[in-house]
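S.K.: pasting the sequence and the predicted coordinates here, then a few questions.
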Amino acid sequence: MRRDGERCPDNLLARSRRGLLSPVERQALDAHLDGCGLCRSAVALAAVYDDAPGEPEPGDEAVIARLAGRVARRASGRRLRPRVVGSIAAAAILIVACGAAAWVASRPRVSAPPAAAPMPERTTTLSRAVVPVAKPAPQTTVVVALEPPRAASVRSHGHALRRGPAAEAAALPLPDPGPAELFTAANAARRAGELRGAISQYLALERRYPASSQAGISRVSAGDLLLRLDEPAAALEQFDLYLGAHGSEPLAPEALFGRARCLRALGRSDDERAAWNEMARRFPGSVYEPSGRRRLEELGR
Amino acid sequence: MPRSDSELLDLARRSATGDGRASHALLLEVGPAMLGAARRVLARSTPDIEDVVQEAMEALIAALPSFRGECTVLHFARRVAVLTALANRRRLDLRAQWTADVADGSPPEAVAPGPSPADTMLLRGRREALGRLLDDLPTSQAEALVLHVALGFTVEEVAAAVGRSVETVRSRLRLAKQAVRDRIEASPALGEILRVTS
């Protein structure tokens, strides 16, 4: 008698996912499914993905062009940022485990950056990053060169913040926005890749509406972006503000993870060790635990 | 016209040496597949999808120096996207829970027009319930299951992508499917979902 899981026609299932089954193969797969609970479970799971939007959507091309330009520019001109190291650590470690031994688990760096490897002079369009608060967003698009913003600096919380288009738009004299509107604008800037503009708006939200629910989330988001921009001291301040006021709330694991990465970037090994130990104690089984465990091993506990 | 596997491999090797133009061209080629894979793993539309894909692209570029061509570059890129998205699933779930009552102006999940509210709730419940099953699996099993079940990789293609033997992949798939089945059988709600979807 055959048990579930024995001699499952796995590739028939895969081929069915690609729509490649012949009528005979379809019949064979259906017959197998009648008697195999394991494969029926897999089909149930697959149905979830049939509902998921995996196919190309309008606007994908512009998104990919923007991301490809940003990532390639970073890879060719600079080392990877610490945030990247932390956030992709799980994926990277698994790649290492599967034989990609060159990945350096602690602080991976792209091989020596070439001298000013120029990116193609491309431009792309993207939706206006900040939705005006008091009036409908115009359906205009902004042509943005694939170059980092070089606008004037503003200073907020002691950090020099260059203005991108989103920040410039946010500086327009608009009716006093509430926390929800500021949060929306900051998120839009973040998604548009205008990290400086997003940070300035998150910080503005925190200053103006420190007791709002959005202020707490803004602290974690601003910390994350500041860390991405290699400003660990400023990022640490944001994570600590969140943990101090919202230490038991849902983003606490993220804030603690950010805090540990900041301390690492600042070279404060003892404090970093304490942060990872706190992570292990308070949030066992979190998605950040493998990173923490590995780092604690590197630090010698 | 899409580039051939050998052309992608050439781009990957040049990218691994720090060639920015090659990295850019490569990411433009494999980007759509990575975006699609990330969307499938997250089982929803989310405003954070760009963050996830950017992380995946950065992971891909960083991993290319160790890529030995065991599988196609496209499969490798999809795999990196799957792993990155799996690592982000719980983080995004947390953020979604926490921001659900915040007037963000953009819903955490884009709902396609057409289904009734009841259908939409059913779909959402299925995605959340079965999607969470992935979070409980060891990553190696979840990865194999997603590549195989969601993206339609054959067992041999999964094995090449993850650098393990076909038998190892079969074992991971069997364990993953057993775990999914056990969870479904143990939960009346999930059992209902199975009846709905089988």
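M.R.: Done, it's in. Numbers count the residues shown, from 1 in each chain, chains lettered A, B, ... in the order given.
S.K.: what is the burial count for the nearest residue to A:Ser16 once chain neighbours are set aside?
M.R.: Nearest non-adjacent residue to A:Ser16, counting by Cβ to Cβ, 6 or more residues apart in numbering or on different chains: A:Leu29, 6.0 Å away. Placement of C-beta: from N, CA and C, glycine included. By other Cβ atoms under 10 Å in any protein chain shown, 18 other residues sit near A:Leu29.
S.K.: and A:Arg294, by the same measure?
M.R.: A:Arg294 sits with 16 neighbouring residues when counted by other Cβ under 10 Å.
S.K.: measure it to A:Asn277 for me?
M.R.: Taking Cβ to Cβ, to the nearest Å as the measure, A:Arg294 falls 14 Å from A:Asn277.
S.K.: what distance do you get for B:Asp182 to B:Arg174?
M.R.: From B:Asp182 over to B:Arg174 the distance is 12 Å, taken as Cβ to Cβ.
S.K.: do B:Arg78 as well
M.R.: Distance, B:Arg78 to B:Arg174, using Cβ to Cβ: 22 Å.
S.K.: so for the two, which sits in the more crowded spot?
M.R.: Set side by side, B:Arg78 and B:Arg174 show more neighbours around B:Arg78, with 27 against 18, by other Cβ under 10 Å.
S.K.: surely the more buried one and B:Met34 touch.
M.R.: Yes - at 6.6 Å, B:Arg78 and B:Met34 qualify as touching, with contact defined as Cβ atoms under 8 Å.
S.K.: low-confidence ranges in chain B?
M.R.: For chain B, the stretches with pLDDT under 70 are B:1, B:43-47, B:90-131, B:188-198.
S.K.: let me know whether B:Gly163 touches B:Gly69 as I believe.
M.R.: No - in this structure B:Gly163 lies outside contact range of B:Gly69 using Cβ under 8 Å: 11.3 Å.
S.K.: looking at the two, which is more packed in?
M.R.: B:Gly163 (17 against 12).
S.K.: quick check: next helix or strand after the helix or strand harbouring B:Ser23?
M.R.: For B:Ser23, the host element (DSSP states H and E) is helix B:20-42. Heading C-terminal from helix B:20-42, the first helix or strand you meet, by DSSP H and E, is helix B:49-63.
S.K.: which one of the residues in the stretch 1-150 of chain A is closest to chain B?
M.R.: Residue of the stretch 1-150 of chain A nearest chain B, by Cβ to the nearest Cβ: A:Ser76 (2.8 Å).
S.K.: so how far is A:Gly193 from that residue?
M.R.: A:Ser76 is 17 Å from A:Gly193, where distance means Cβ to Cβ.
S.K.: what of A:Arg66?
M.R.: For A:Arg66, the distance to A:Gly193 - Cβ to Cβ - is 6 Å.
S.K.: same thing with B:Leu9?
M.R.: Using Cβ to Cβ, B:Leu9 is found at 29 Å from A:Gly193.
S.K.: biggest helix in chain A, by residue count?
M.R.: helix A:60-77 (DSSP state H).
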